[in-house]
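Chemist: no FASTA, just this:
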């Protein structure tokens, strides 16, 4: 196995730590200053403090050091993927790339694997997604994820090389379903955080999770996904985790909205961009996604929490 992780955020670092307990792994970051800091401290103090690096984890800021690795785990933020790939097309054009981020691209409405396929049509593309917090993975706590790959043989190979003592991977060939589940659960998590922040209760949160799951299925099926994918780890599993824990940045953003507090603008929250991109795509496709639209209106200050709750509660009565 020859694996490199591109992106030294919390999740990329956690994956690198887990995989390096099995075999040598290289972790790439943009900044040499950041790389040097990690080499000195043997941990990522800026993004995942308290998680020491295994001896088999190498750090670099030079892409030349990773381009010959057999598998590249791409863990850069969703809205930065296209630019990163376009800047490094020559190096990556025929790579085996596993996307490890979640979201929907603002300009195109595409998910991470679809963006990679768009920019690098000759690359082998897979997606790693599902219910997981970086701190849990780095600590060696048991975590199950979905490995989505249209090529069954390649998916099986990745499943073997990327499974570790604490990471258990399940395969699917449904890239679209896995993309949408991983992206939209962040939007619903913002809504659930807002409900809890506004002290509207756990019953309201349960309702939002359930109706949010229906929205996830609605978009996924419209794009040709398999319905069972959303019932798995990349859909229902990730939704359950993200909507119920303050470890989720999306849930914390929602809490801030519900409490009327400012949220740290330096923290990347993929669900915000995904809400806007999905609301736009749903309107074009004629899909009814009221929770997604409401989250977008909250983020853009077009609704207050009270108005949002009233608007959703007074929607026409219908069958479930």
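Modeler: Yep, it's here. This structure is a prediction, so every number in the text was calculated from the model and none was measured.
Chemist: Okay, buried residues for stretch 272-289 please.
Modeler: The neighbour-count check on stretch 272-289 (16 or more other CB atoms under 10 Å) flags 272-282, 287, 289 as buried. C-beta: built from backbone N, CA, C; applies to glycine.
Chemist: Same question for stretch 164-182.
Modeler: Buried, per 16+ other CB under 10 Å, within stretch 164-182: 164, 166-167, 169-170, 172, 174-182.
Chemist: where's it relative to the chain centroid, distance-wise?
Modeler: 11 Å (CA atoms, centre = their mean, to the nearest Å).
Chemist: can you tell me the distance between the two ends of it?
Modeler: End-to-end span of stretch 164-182 (CA to CA, to the nearest Å): 21 Å.
Chemist: so residue 5 bridges to which residues?
Modeler: residue 27, residue 73 (DSSP bridges).
Chemist: Go ahead and confirm it touches residue 29.
Modeler: No - contact criterion CB atoms under 8 Å: residue 5 and residue 29 do not qualify, at 9.5 Å.
Chemist: Need the contact partners of stretch 152-169.
Modeler: Outside stretch 152-169, the residues that touch it by CB atoms under 8 Å, 6 or more residues apart in numbering are 1, 3, 18-19, 21-22, 71, 73, 96, 98, 124, 126, 128, 137, 140-149, 170-173.
Chemist: List only those of those flagged as buried.
Modeler: Of those, these count as buried by 16+ other CB under 10 Å: 3, 18-19, 22, 71, 73, 96, 98, 124, 126, 128, 137, 143, 145-149, 170, 172.
Chemist: so residue 262 sits right up against residue 255, yeah?
Modeler: No - at 11.9 Å, residue 262 does not count as touching residue 255 under the criterion of CB under 8 Å.
Chemist: These two: who's more crowded?
Modeler: residue 255 (21 against 7; other CB atoms under 10 Å).
Chemist: Tell me who's in contact with the more buried one.
Modeler: Residues near residue 255 by CB under 8 Å, 6+ apart: 193-194, 196-197, 246, 261.
Chemist: make it 6 Å
Modeler: 193, 197 (CB atoms under 6 Å, 6 or more residues apart in numbering).
Chemist: Could you do residue 250 as well?
Modeler: Per CB under 6 Å, 6+ apart, neighbours of residue 250: 186, 189-190, 269, 271.
Chemist: Can you convert the residues you listed into CSV and add a column each for neighbour count, secondary structure and pLDDT?
Modeler: Below are the contacts of residue 250 laid out as CSV (neighbours: other CB atoms under 10 Å; DSSP: H, G, I helix; E, B strand; the rest coil; pLDDT from 0 to 100):
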residue, neighbour count, secondary structure, pLDDT
186, 30, helix, 98
189, 30, helix, 98
190, 34, helix, 98
269, 25, coil, 93
271, 30, helix, 96
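Chemist: Farthest pair within those residues?
Modeler: 189 and 269 (9.6 Å; CB to CB).
Chemist: Secondary structure class of the residue sitting nearest the centre point of the chain, three-state.
Modeler: Centroid-nearest residue in the chain, with CA atoms, centre = their mean: residue 102, separated by 2.5 Å. Following DSSP: H, G, I helix; E, B strand; the rest coil, we place residue 102 in the coil state.
Chemist: excluding its backbone neighbours, what's nearest it?
Modeler: residue 182 (3.8 Å; CB to CB, 6 or more residues apart in numbering).
Chemist: Touching, the one you found and residue 128? I think so.
Modeler: No - Residue 182 is beyond contact range of residue 128, at 9.4 Å (criterion: CB atoms under 6 Å).
Chemist: thinking again about what came up before, between residue 5 and residue 29, point out the one with more neighbours.
Modeler: Higher neighbour count among residue 5 and residue 29: residue 5, with 30 against 24, using other CB under 10 Å.
Chemist: what's near enough to touch the more buried one?
Modeler: Residue 5 touches 12, 15-16, 27, 73, 75, counting by CB under 6 Å, 6+ apart.
Chemist: quick one: it from residue 156, how far?
Modeler: Distance, residue 5 to residue 156, using CB to CB, to the nearest Å: 21 Å.
Chemist: where do the helices sit along the stretch 1-150 of the chain?
Modeler: 10-20, 32-41, 81-87, 89-92, 112-119, 134-138 (DSSP state H, counting those that start in this stretch).
Chemist: buried residues in the longest one?
Modeler: The reference is to helix 10-20. For helix 10-20, burial by neighbour count (16+ other CB under 10 Å) applies to 10-20.
Chemist: which helices and strands does that helix pack with?
Modeler: Secondary-structure packing of helix 10-20 (3 or more CB pairs under 6 Å, 6 or more residues apart in numbering; DSSP states H and E): strand 3-6, strand 25-28, helix 134-138.
Chemist: The longest one - what's its average pLDDT?
Modeler: This points to helix 134-138. For helix 134-138, mean pLDDT rounds to 97.
Chemist: Then the first one?
Modeler: In this model, strand 3-6 has an average pLDDT of 98.
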